[in-house]
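1. Can you look at this prediction? I've put the sequence above it.
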Amino acid sequence: MQNYFITGTDTHVGKSVAAAWCMLHLNANYWKPMQSGLKPPTDTQWIQQITGFSHTRFFEETYRLRQPLSPHEAAKRDGIKIDMSAFALPESERPLIIEGAGGLMVPINRNNFVIDLIMQLELPTILVCRSGLGTINHTLLSLDALRARKINIAGVIINGPKAPHNREAIEEYGDVPVIAEIDQLEDITQKSLLAIQPEIKL
């Protein structure tokens with residue numbers, strides 16, 4: 001039973017869509033360690049709606065921060081400091097999908113970034129990237145950062161309208177497998193995500 005950390009090349013790159021896709025195809029549970037912004041639906045609430053899974057499949061966030069900002073800033077405005085020792089993997093009887101906040105170098109506190117949380121949890125990572133212009137640079141930089149920390153990269157998930165030339169460049173120059181391409185969907189539903197089959201076995 002394998003757990004995965006879902007991170008992205010940037011914010012709003014489609015991590016929650018990818019996390020929902022992974023949950024459905026792995027019949028997994030879900031945990032968001034840090035939630036910045038509590039206006040519904042939060043990431044956990046949205047993924048529960050899309051997957052249709054019971055609330056028992058979703059673990060409570062370690063930090064719930066009111067403002068939709070970088071965790072370090074949202075925590076500062078809430079008058080708290082995020083303590084890395086507070087993060088511990090929930091006990092799960094199924095594979096566990098963990099969704100990060102923003103990209104790898106988003107600050108958590110004065111000394112730590114999202115990439116440090118991945119290292120602490122010692123999990124293989126799925127990198128979510130866009131399909132369009134600019135994705136090659138952002139994806140290769142993110143892959144380099146993961147490899148510099150010796151983090152196991154399970155593969156990439158590409159979100160957006162298919163761009164075969166960008167996918168080919170990411171595979172070749174990034175030396176990384178594409179787990180799935182999630183094309184631009186008119187409706188993001190359990191059915192539409194289940195219809196997109198994994199290209200490699202997770």
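-> Okay, I see it.

2. For this structure, which segments count as strands?
-> Counting by DSSP state E, the segments of the chain that form strands are 4-8, 29-31, 34-36, 58-59, 63-65, 96-103, 125-130, 153-159, 178-182.

3. Tell me, how many residues neighbour residue 127?
-> Counted with other Cβ atoms under 10 Å, the neighbours of residue 127 add up to 31. (C-beta placed from N, C-alpha, C; glycine too.)

4. Next up, the contacts around it.
-> 7-9, 139, 142-143, 146, 153, 155-157, 176 (Cβ atoms under 8 Å, 6 or more residues apart in numbering).

5. same thing but 6 Å
-> 7, 142, 156 (Cβ atoms under 6 Å, 6 or more residues apart in numbering).

6. Show me the beta-bridge partners of the nearest residue in space to the last one that is not next to it in sequence.
-> What sits nearest to residue 156 in space, not counting adjacent residues and going by Cβ to Cβ, 6 or more residues apart in numbering, is residue 127, at 4.8 Å. Beta-bridge pairing of residue 127 under DSSP bridges involves residue 7, residue 156.

7. Could you check how far residue 127 is from residue 86?
-> For residue 127, the distance to residue 86 equals 25 Å [Cβ to Cβ, to the nearest Å].

8. how close does residue 15 get to residue 22?
-> Going from residue 15 to residue 22 by Cβ to Cβ gives 10 Å.

9. Kindly apply the preceding question to residue 175 instead.
-> According to Cβ to Cβ, residue 175 stands 22 Å off from residue 22.

10. Of those two, give the one with the bigger neighbour count.
-> Counted by other Cβ under 10 Å, residue 175 and residue 22 do not tie: residue 22 has more neighbours, with 25 against 11.

11. Nearest residue to that one in space, ignoring adjacent ones along the chain?
-> Residue 22's closest residue in space is residue 97 (Cβ to Cβ, 6+ apart), at 4.9 Å.

12. can you check residue 107 too?
-> Per Cβ to Cβ, 6+ apart, closest to residue 107 is residue 72, 4.0 Å.
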